[in-house]
Structure formats: C-alpha cells, structure tokens
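sequence and predicted structure are below.
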Amino acid sequence: MTAMQAAHRALSEVFGYDSFRPGQESIVSAILSGRDVMAVMPTGAGKSLCYQIPALVLGGVTIVVSPLISLMRDQVASLIQSGVRAAYLNSSLTPRQFSLALENAREGVYRIIYVAPERLLTPGFLSFAREAEIAQVVVDEAHCVSQWGQDFRPGYLEIEPFLRELPVRPRVSAFTATATEAVRRDIMRLLKLAHPYEITTGFDRPNLYFEVRRGGDKDMALLRFLAEHRDQSGIIYCGTRKGVETVAGMLAGRGMDVVAYHAGMGEAERGHAQEDFVSDRAPLIVATNAFGMGIDKSNVSFVVHYNMPKDLESYYQEAGRAGRDGEDAVCCLLYHPSDVHLNTFLIEHSMDASPLDEDTQKIVIERAKERLRQMTYYATSSGCLRARILSYFGETLEGGRCGNCSACQMETQERDVTREAGMIVAGVMALGGRYGKAAVAKVLAGSRDARIREKQLDKLSAFGSLRSEGEENIRAMIDELIIDEVLEITDGQYPLLRPGPRAREVLRGDEPVRMSLHVREPAQKRVKMKPVADKGLLSRLVALRRRIAEEQHVPPFIIFTNATLSDMAVKRPRTRAQMLRVAGVGENKMERYGDAFLRVVGEYLDEQA
C-alpha cells in the first residue's frame, strides 16, 4: 500500500469522509513525500486533517505547536473520539500531569502531541524531543511568528531555535487562515522552510453572508439582529472588557441565555463560560478577541462584531468562526466612527511594554494604522464586502460581486454622477476640511441631526443639495471619490475630509464621472438549493447527541458535528453500511455511537410509516 493509499484509508476509516476537500490532498501528499509546507486555508477548510492524516501514516510522533489551550483541548478530545492517541502539554496541566504526559510521550504512547511554543525549549521537553523519532513539526496559526502580522506572539520565535536543537530536522508545515503575501514571506523566512510546497486554497467562504450595519444605537441594532436569529448559537465580539460586561448584562437583563468571556476574568470563570457555550447550555457568548482562536464549535450560526476590529485579518479570522460545519452562517459588523478612535488608541498604546527598539515600534504602529485604514474602508464603503476581503488578501472575485452580502443584496445601477460629484467637492470645500465623511454626508443629505443644527451647518448653501440621493449613496460616492484621489482623508485621531489632487477637474466637470449606486428596492436574496434535512428526525438526533455528550462530559460537536447530523437526517440510514456513508462517520465513531443513532433513525421512520 502506498503512502497516499494509506492516507485515503485513514480519511475514510478514522475520520469518516469519502474524499478530501480542495487543497487537502496535495498538502497531505507533499508532507508524506518529505517536503516542508506553507499553507493558507480559510477557517473551516479542514487544515487539521492535512497534518493529522500524515501523522497516522508516518512513523514516530507529530508535534503540533499551537497558541491556545482551548484549541489543544478540543483537538485532542476530537482525536481521542476518533480512536487516535493524542495529548497536549501546556500550562493547564499540573506538574504531575505534565510529567506523566511527558513520560507517556517518551514511551511512544502518542501519535500527535500539541504543545505551546513557550514549552519547546524547556529542559524536560527538549530532552524528550532530542531522543524521540519526530516525523513532523506543525506550526498552527503560523502568522503569530511575524511581527508584521496581526497577532504576533514572541514565543513563536522559539520554534526555529527548537528545530536547530534536534539531531535530525523533521519536515515542517506552517498553517494559517489569514496572511497577506508579506506575512507569508515572513513566516517562511523565520521558520527557515526549505523550498516548501506553497498553497493558498482560497480565502473565500461561500457559506458566509457578510453584512455591515452602520451608525445608530448599537444595542438596538444588536437586539434586532438577535431577534432575526432566534434559537441560533453565536458569538458577539466587543473591543473592550467593559464592553463585554455591559453588552452581556444588557442581554441577560432581557432574559437571554448568555455568558461573558474576557481576559480579566479568573481562569475557572472563563472555563465555565466557554464550557457553557461549547456545550450549548448558553447559545450566546459575548467576548473580547481573547476568546475563539481554535475553538472548534461547529454550530456557530453567526458572529456579530459589536465593535470594529483593528484589521481585516482579525475580522476575517473571528468572523470565520461562524459556519465551520459548512452550513450557512452570518457575519455582521456593527460600525460606528467611534470604533476608529478606540482602535487608534489601542494601536498607539500597544507597544507600551514591548521589548522592540523605538524605530521598530514606530514601523509596527504605522503598519497597524494602515491595516486599520483598510478595515475602516471595508466598514464604510458601498462595494461588495466579499470582494473587499478577497482583494485585501490578494484574490479577485470573478464579476466583482458575490450576491451574498449586504452590499450585493441592494440592487445597484450604474449612472452618470458628474454633477453630483462636483456638488460633493463643493460641499467639502464649503466645510473647510474641518469635518469627516459622516458629517459631510449628513449636510449634503439635509439631515436634521442635532449636531448638524448645533453647529449651524444647516445654514450652508450645500445643506440638502443632494437630499434625493440619501446618506448611503452620498457616502458611497465619497468613497469612490477618495479612491479616485478627488477627495482625501487626513491622518490623525479624527480623520477629516478635504479636497484631493483631482478635486478641481471634477468641480469644473472636465470629465464624466460614472458610478454604480444603490437603488431604493433591495434585490431578491440569493437562494441556495441543497438537500433538506428532516427536521423532526434532526431534533431527535440532536437530543441523543446531547445526552451522550452529557454522559461523557464532552462538548456535543465532539460526538458528531451539526453537518454530520444534518447529513444523517437527509440520508436516514437504516444499516451500518448506510451509516458509514454519512459524512463524518468513521469506523471508530460507528463502533462507539452508530447503533444508538441507527435506533433513533429506525424508530422515527417506523413512526412515520
């Protein structure tokens, strides 16, 4: 049997899948052939299988460097459920537990060991690693090694020195979900990957619907959103600990089952909150970005960002925690200009305790501010949201519109706006470059906003000059004029709008200006056709999964994911052979749980006969 034949067998028998997802097979093949790998795969694309399957085919042990305790715990629990010997070594273990795990590792008990980067060069682990047969070292969340990325973690710089300490350098694989070209180059340089197989499987997550809700009362916007997604499980991200406590308290006060999570809470309190959310006892969690990296909860139906993150890398990674089971999910950003000021403050103080030299700190801060500008552009522009994200990561969306975001759901029409563009430039000049985009749009739209009246901006001749367009279209035109260098935004804590290099020629009407702008009525939402699960059967399967999970004290998705239960409710298996054709049911899980689920399916179908 060839190595790839063994890989296909493990895919089917251990993990219960008939075929690889895009990109997985070529990565597995590269690892098995002995090559280093640099892989960028979106959240939910199945990157774990890319190194777990080679770990089962190769001899020796696979070491996975991972940044968060929660990621390790969930990954190890899932592997054990599938019949794979695995363990994790991190600060959550007592000294006795750590010593016992290391002793088992020396005796070859485990095929896969997850370890925090800070543990690599400790004497005990290094002694084990020098003596063990290490088949591969996997660096998960590899962007953490780069100072220019969004999540730099100094402990990741210990990986390459650790590799140098080994008597034989194993194959090394680096995986990340979000990395620009510059960060990818940095990862390969810092880890010294040797002529790696490079692959970017595509950043697109077609099952995610993106939307931005701008301005207004965020609490009311959040409550409206939750009313639209009642009985679903989701994450609500806030920018500060205080924000988490305030929002969680507001939702609890309205009778919702919600838990809070932030780094200021005690470890036990955070653990209870995470367990309640992952086990579905609390369908909602309000958290800072301290929560979520590596959380393998498959039935997250939505992610709401109450505050705008500091960059698109963070946003896409956090939003990508929705729909990991492949089901349709929603990623909603509640935007307000104050989010820009909050993030600017956080960026400017992010280096307060940094060991980096002053010049490097300035470069890091400036790059962070540029990423914040790109994030703000995503939140305020009128174009296709998916296209904006993909463009940022170096991909082009065919046709420029996805049809599955809030911008695309609004019908647009291309038209000549030469006159309107000139009026916008004139309005900006009349305001003397003392106001931002929001204020300019309100003035031109004739808004009766109290602050506009207070500053007597409603007395200007430009007030209401574009009332028929509405604020949204005016903002969209301003965004396009900024891109075309007709207008520009100043740097600083309060970005102001002023004329750009091409302002005069547009004001004179020297050349026509055309733009695609929203029309009043929204377009029909795209309908996705797929097999429909029997809801009655699905509810019984979910109940059985919950009972088993409670008996075994594990999260429900560790038993079977939502996608597996949905496929089971579609295929309605009657026999063990039919059950093995359900996606996500491997031989080990068939032996452990198959008969119980077959009984529920059989009883339900007999009742319906």
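Nice, I can see it. Numbering: from 1, shown residues only.

biggest helix in the protein, by residue count?
Ranked by number of residues, the top helix in the chain under DSSP state H is helix 358-380.

the closest residue to residue 544 other than its chain neighbours: what secondary structure?
The spatially closest residue to residue 544, leaving aside those adjacent along the chain, is residue 600, at 5.3 Å (CB to CB, 6 or more residues apart in numbering). For every residue, glycine as well, the C-beta is placed using N, CA and C. Assigned by DSSP: H, G, I helix; E, B strand; the rest coil, the conformation of residue 600 is helix.

residue 600: how many residues sit nearby?
16 (other CB atoms under 10 Å).

how close does it get to residue 568?
Taking CB to CB, to the nearest Å as the measure, residue 600 falls 9 Å from residue 568.

can you give me the end-to-end distance of stretch 422-437?
From its first residue to its last, stretch 422-437 covers 16 Å (CA to CA, to the nearest Å).

contact partners of that stretch?
The contact list for stretch 422-437 (CB atoms under 8 Å, 6 or more residues apart in numbering) reads 337, 380, 439-440, 443-444, 457, 460-462, 465-466, 474-475, 477-479, 481, 486-487, 489-490, 494-499, 503, 506-509.

go on, stretch 175-187?
For stretch 175-187, contacts defined as CB under 8 Å, 6+ apart pick out 37-43, 45, 47, 50-51, 138-143, 145-150, 174, 193, 198, 203, 313, 316-317, 320, 392-394.

can you show me the CA trace of it as PDB?
Listed next in PDB are the C-alpha coordinates belonging to stretch 175-187 (Å, rounded to 0.1, in the frame of the first residue of the first chain):
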ATOM      1  CA  PHE A 175      -0.600  26.600   8.500                       C
ATOM      2  CA  THR A 176      -2.600  29.800   8.900                       C
ATOM      3  CA  ALA A 177      -6.100  31.100   7.900                       C
ATOM      4  CA  THR A 178      -5.200  34.800   7.300                       C
ATOM      5  CA  ALA A 179      -1.900  36.100   5.900                       C
ATOM      6  CA  THR A 180      -1.100  38.600   3.300                       C
ATOM      7  CA  GLU A 181       1.800  37.900   0.900                       C
ATOM      8  CA  ALA A 182       4.200  39.900   3.100                       C
ATOM      9  CA  VAL A 183       3.300  37.900   6.200                       C
ATOM     10  CA  ARG A 184       3.600  34.600   4.200                       C
ATOM     11  CA  ARG A 185       7.200  35.500   3.100                       C
ATOM     12  CA  ASP A 186       8.000  36.400   6.700                       C
ATOM     13  CA  ILE A 187       6.700  33.000   8.000                       C
END
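
now the strands for the stretch 251-400 of the chain?
258-261, 284-287, 302-305, 329-335 (DSSP state E, counting those that start in this stretch).

need the ones you listed in JSON lines with distance to residue 433 and mean pLDDT, can you?
Rendered in JSON lines, the data for the strands of the stretch 251-400 of the chain read as follows (distance: least, CB to CB, whole Å; pLDDT from 0 to 100):
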{"stretch": "strand 258-261", "distance to residue 433": "42", "mean pLDDT": "93"}
{"stretch": "strand 284-287", "distance to residue 433": "39", "mean pLDDT": "94"}
{"stretch": "strand 302-305", "distance to residue 433": "31", "mean pLDDT": "96"}
{"stretch": "strand 329-335", "distance to residue 433": "23", "mean pLDDT": "94"}
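
for residue 106, find the nearest of those.
Relative to residue 106, the nearest member of the strands of the stretch 251-400 of the chain by CB to CB is strand 258-261, separated by 35.9 Å.

pLDDT wise, what is residue 523 at?
Per-residue confidence at residue 523 stands at 40 (pLDDT).

again, but for residue 338
Looking at residue 338, its pLDDT is 82.

check the gap between it and residue 286 for me.
Distance from residue 338 to residue 286, counting by CB to CB: 18 Å.

of the two, who's got more company?
Counted by other CB under 10 Å, residue 338 and residue 286 do not tie: residue 286 has more neighbours, with 29 against 12.

quick check, the more buried one in contact with residue 240.
No - under the contact definition of CB atoms under 8 Å, residue 286 does not touch residue 240, with a separation of 11.5 Å.

what ranges do the strands span in the stretch 401-550 of the chain?
Taking DSSP E, counting those that start in this stretch as the criterion, the stretch 401-550 of the chain carries its strands at 410-416, 487-489, 497-499, 514-522.

pLDDT of stretch 312-321, averaged?
Taken as a whole, stretch 312-321 has an average pLDDT of 89.

check the offset of that stretch from the chain's centre.
Taking CA atoms, centre = their mean, to the nearest Å, one finds stretch 312-321 lying 3 Å from the centre of the chain it belongs to.

could you list the residues in contact with that stretch?
By CB under 8 Å, 6+ apart, the surrounding residues in contact with stretch 312-321 are 42-44, 143, 149-151, 177-180, 203, 205, 208, 210, 235, 237, 289, 292-293, 295, 297, 300, 303, 305, 308-309, 331, 333, 371, 374-375, 378, 389, 392-393.

could you identify the buried members of those residues?
Those of the contacts of stretch 312-321 that meet the buried threshold are 42-44, 143, 149-151, 177-180, 203, 205, 208, 210, 235, 237, 289, 292-293, 295, 297, 300, 303, 305, 308-309, 331, 333, 371, 375, 378, 389, 392-393, by 16 or more other CB atoms under 10 Å.

so which elements touch the longest helix of the chain?
Packed against helix 358-380 by the contact rule (3 or more CB pairs under 8 Å, 6 or more residues apart in numbering; DSSP states H and E) you find strand 208-214, helix 312-319, strand 329-335, helix 338-348, helix 385-392, helix 470-483.

among those, which is nearest residue 607?
Using CB to CB as the criterion, the shortest distance between residue 607 and those is 31.7 Å, found for strand 329-335.

mind checking how far the closest residue in space to residue 178 that isn't next to it in sequence is from residue 85?
Computed as CB to CB, 6+ apart, the closest residue to residue 178 that is not its neighbour in sequence is residue 313, at 4.4 Å. If you measure residue 313 against residue 85 using CB to CB, the figure is 34 Å.

looking at the two, which one has more neighbours?
For residue 313 and residue 85, the more surrounded residue by other CB under 10 Å is residue 313, and the numbers stand at 24 against 15.

just for the stretch 301-450 of the chain, where's the confidence low?
Counting by pLDDT under 70, the low-confidence segments of the stretch 301-450 of the chain come to 352-356, 411-412.

re the thing from before, turn the strands of the stretch 251-400 of the chain into JSON lines, columns for distance to residue 104.
Compiled in JSON lines, these are given as follows (distance: least, CB to CB, whole Å):
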{"stretch": "strand 258-261", "distance to residue 104": "32"}
{"stretch": "strand 284-287", "distance to residue 104": "34"}
{"stretch": "strand 302-305", "distance to residue 104": "37"}
{"stretch": "strand 329-335", "distance to residue 104": "38"}
